[in-house]
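Visitor: Below are the sequence and a predicted model; questions follow.
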Amino acid sequence: MRALALGLIASVLYLGVLNLGAQTDSRKSSYFNMSRENQRMQDDLSLNPASFWIIEGQGLWQNGGLSGSRTCSDCHGDVAKSMHGVAATFPKHRGGSLRTLQGQINHCRVSYQGLQAFDYESKPLLALLSLVASQSRGMPINVSDDAQVSSHIERGKRLYNTRIGQLNLSCAQCHDDRAGQRLGGVLIPQGHPTGYPIYRIEWQTIGSLQRRLRNCMAGVRAERHAFGSEALNDLETYLMHRANGMLLESPGVRP
Amino acid sequence: MSVIADALVTVPTTVIKGQIFEIRTLVRHDMESGFRHTEQGVRVPRRIIREFSCMYNDLEVFRATLYPGTSANPMFVFYCRAEKSGDLVFRWVGDNDYQTIYRKPILVT
């Protein structure tokens, strides 16, 4: 009886916390807009096709690059330990410039491995990105907004609110003002980048946040910014910072 | 690319005799339908997996024929009854002499 009473009190407290959470944070990952099947596909790595990229990333981590050059594991050791939580803190300011996670991987390639940088959206870069990002699965996004990063966040925010393209739409007009409504038959998400890199079923492959952003730019018939450009990096920084505290789902699955 | 990176198979390592267990397979393949064109208008040739089969101790327990409408990285989930310890052999065969074979031992107690 006493145990039951305690249990009741505990569940009331728990519900209270949940309610509080709902009141203070209306942000929602588009994970919750997906069908149960797609959610399961994301949650279970034996069903998530992104696992292939993680496996390939593990191979590159251990013995990537040319013979004689250092590998990722030579410096960082076990990826599960050294990269735990790392992806949740990117983009960040390092060595005098803003670095996205892709930028950081390529920085390591060039500066410490003496190899050529990977092309954006190339298979090996997405593989390493998936591997590193998956080490932060379930951790809260925690992008710093110190003085050096905040200018990028500001610029990203400005881009987010600027109308672009022939359709003359800003990101905010759909993803802030009309989130939860429908565009054609599709629910408009709030646009939190919690799952990147994602396996997008429409793409039939894995892709980065910047690929998704370029998709939207093409959608409003604007000129697309180049991968790794300052504009896309700023936008990525703003969106990640906007999602601070939300849980990283990488590698996500989206329809 | 090693064989392991081409297929992901999830099967319990030990099962009780008579028990029905789940088999999950996921294989990496682009499944190029043959209906797409490049930006220059050249048709991309079809390159898909045509057949998938699963043998349990030399007995075929599952077979599927795949067509161009099948998505990339096709997934199959099916069930099988445990009879004897041995091997599950999964085989994907497709265009351009594509073949992936994956063997998974299973212990029946």
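Guide: Right, received. Where do you want to start? Keep in mind that what you see is a predicted model, and the values were worked out from it rather than measured.
Visitor: can we go C-alpha only for contacts and neighbour counts from here?
Guide: Fine.
Visitor: contacting residues for the closest residue to chain A within chain B?
Guide: Residue nearest to chain A within chain B: B:Ala72 (5.6 Å; CA to the nearest CA). Counting by CA atoms under 8 Å, 6 or more residues apart in numbering or on different chains, B:Ala72 touches A:Gln204, A:Thr205, B:Arg28, B:His29, B:Asp30, B:Met31, B:Glu32.
Visitor: Strands along chain A, start to end?
Guide: A:92-94, A:97-99, A:182-183, A:186-187, A:198-200, A:205-207, A:252-254 (DSSP state E).
Visitor: list the helices and strands the second one packs on?
Guide: Read that as strand A:97-99. When contacts are defined as 3 or more CA pairs under 8 Å, 6 or more residues apart in numbering or on different chains; DSSP states H and E, strand A:97-99 packs onto strand A:92-94.
Visitor: now do the first one
Guide: Taking 3+ CA pairs under 8 Å, 6+ apart as contact, the helices and strands that strand A:92-94 lies on are strand A:97-99, helix A:147-160.
Visitor: hmm, 6 Å instead?
Guide: With contacts taken as 3 or more CA pairs under 6 Å, 6 or more residues apart in numbering or on different chains; DSSP states H and E, strand A:92-94 sits against strand A:97-99.
Visitor: Check which strands are paired with the strand it packs on and give the direction for each one.
Guide: Partners of strand A:97-99 in the sheet, by DSSP bridges, are strand A:92-94 (antiparallel).
Visitor: For the strand it pairs with, buried residues please.
Guide: A:Lys92, A:His93 (16 or more other CA atoms under 10 Å in any protein chain shown).
Visitor: contact partners of it?
Guide: Identification of contacts with strand A:92-94 by CA atoms under 6 Å, 6 or more residues apart in numbering or on different chains yields A:Leu98, A:Arg99.
Visitor: one step back: a markdown table please, covering the strands of chain A and showing mean pLDDT.
Guide: Formatted as a markdown table, the strands of chain A follow (pLDDT from 0 to 100):
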| stretch | mean pLDDT |
| --- | --- |
| strand A:92-94 | 92 |
| strand A:97-99 | 93 |
| strand A:182-183 | 92 |
| strand A:186-187 | 90 |
| strand A:198-200 | 96 |
| strand A:205-207 | 95 |
| strand A:252-254 | 95 |
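Visitor: Dump those strands into CSV; add distance to B:Leu66 as well.
Guide: Listed next are the strands of chain A as CSV, based on distance: least, CA to CA, whole Å:
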stretch, distance to B:Leu66
strand A:92-94, 45
strand A:97-99, 43
strand A:182-183, 33
strand A:186-187, 29
strand A:198-200, 21
strand A:205-207, 19
strand A:252-254, 23
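Visitor: so B:Arg43 bridges to which residues?
Guide: Where B:Arg43 sits in a bridge, its partners, by DSSP bridges, are B:His37.
Visitor: That one: neighbour count?
Guide: Neighbours of B:Arg43 under the rule other CA atoms under 10 Å in any protein chain shown: 12.
Visitor: can you pull the contacts of the residue of the stretch 151-255 of chain A found nearest chain B?
Guide: Evaluated by CA to the nearest CA, the stretch 151-255 of chain A has A:Gln204 as its residue closest to chain B, separated by 5.6 Å. Residues near A:Gln204 by CA under 6 Å, 6+ apart: B:Ala72.
Visitor: ditto for A:Pro91
Guide: Per CA under 6 Å, 6+ apart, neighbours of A:Pro91: A:Arg99, A:Thr100, A:Thr237.
Visitor: quick one: pLDDT of it?
Guide: Per-residue confidence at A:Pro91 stands at 95 (pLDDT).
Visitor: What separation is there between the closest residue to it other than its chain neighbours and chain B?
Guide: Residue nearest to A:Pro91 in three dimensions, not counting chain neighbours: A:Thr100, with 4.2 Å by CA to CA, 6 or more residues apart in numbering or on different chains. Note on A:Thr100: its distance to chain B, by CA to the nearest CA, to the nearest Å, is 27 Å.
Visitor: Would you format the contacts of B:Ala72 as TSV with secondary structure included?
Guide: As requested, those are exported to TSV (DSSP: H, G, I helix; E, B strand; the rest coil):
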residue	secondary structure
A:Gln204	coil
A:Thr205	strand
B:Arg28	coil
B:His29	coil
B:Asp30	coil
B:Met31	coil
B:Glu32	strand
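Visitor: For A:Ser136, state which of the residues you listed is nearest.
Guide: A:Thr205 (20.9 Å; CA to CA).
Visitor: The closest residue to that closest one other than its chain neighbours - how many residues pack around it?
Guide: The shortest distance from A:Thr205 to any non-neighbouring residue, by CA to CA, 6+ apart, is to A:Tyr199 (5.5 Å). Residues lying near A:Tyr199 (other CA under 10 Å) number 26.
Visitor: give me the beta-bridge partners of A:Tyr199?
Guide: Beta-bridge pairing of A:Tyr199 under DSSP bridges involves A:Ile206, A:Val253.
Visitor: How about the contacts made by it?
Guide: A:Ala50, A:Thr205, A:Ile206, A:Val253.
Visitor: How many residues are close by the third one?
Guide: Meaning A:Ile206. By other CA under 10 Å, 26 other residues sit near A:Ile206.
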